[in-house]
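J.: I would like to see how this sequence folds:
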Amino acid sequence: MKIVTHKFRIKEDQVCYLVNLVDYNGHPLESQVARNKKEKYEVSEELALRHKVKTIHHNSGFSIIE
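T.: The predicted structure follows:
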């Protein structure tokens, strides 16, 4: 498993970040919304610690793909 983050558009003019715990096939198992970059890093670290995941990918676009 790994953590993958990407941008997520809530509304036309509002962008936040989606933090996903994904399985080995890339399917999301758990997702959380972060309002800004700082929160994105905090949420991803918390998810990684809770699920004992060592790999975190922060994508710059709107896709979950690495």
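J.: Which of the helices or strands spans the residue most central in space within the chain?
T.: In the chain, the residue lying closest to the centroid (C-alpha atoms, centre = their mean) is residue 19, at 1.9 Å. Element membership of residue 19, judged by DSSP states H and E, is strand 14-22.
J.: who does that strand pair up with?
T.: Strand 14-22 has its sheet partners listed here by DSSP bridges as strand 2-11 (antiparallel), strand 28-34 (antiparallel).
J.: just to revisit the earlier point, so who does the residue nearest to the centre of the chain touch?
T.: Residue 19 makes contact with 3, 5, 31, 32, 33, 34, 40, 43, 44, 47, according to C-beta atoms under 8 Å, 6 or more residues apart in numbering. From N, CA and C alone the C-beta is placed, and that goes for glycine too.
J.: ok, now residue 31?
T.: Applying C-beta under 8 Å, 6+ apart to residue 31 gives the contacts 18, 19, 20, 21.
J.: From residue 45, how far off is the closest residue to residue 1 other than its chain neighbours?
T.: What sits nearest to residue 1 in space, not counting adjacent residues and going by C-beta to C-beta, 6 or more residues apart in numbering, is residue 53, at 5.2 Å. Distance of residue 53 to residue 45, given as C-beta to C-beta, to the nearest Å: 10 Å.
J.: Kindly report the same for residue 36.
T.: Distance, residue 36 to residue 45, by C-beta to C-beta: 15 Å.
J.: ok, back up a step: among the strands paired with strand 14-22, which is nearest residue 61?
T.: Smallest distance to residue 61 across the strands paired with strand 14-22 (C-beta to C-beta): 6.4 Å, for strand 2-11.
J.: Just the mean pLDDT for that closest one, thanks.
T.: The average pLDDT for strand 2-11 rounds to 92.
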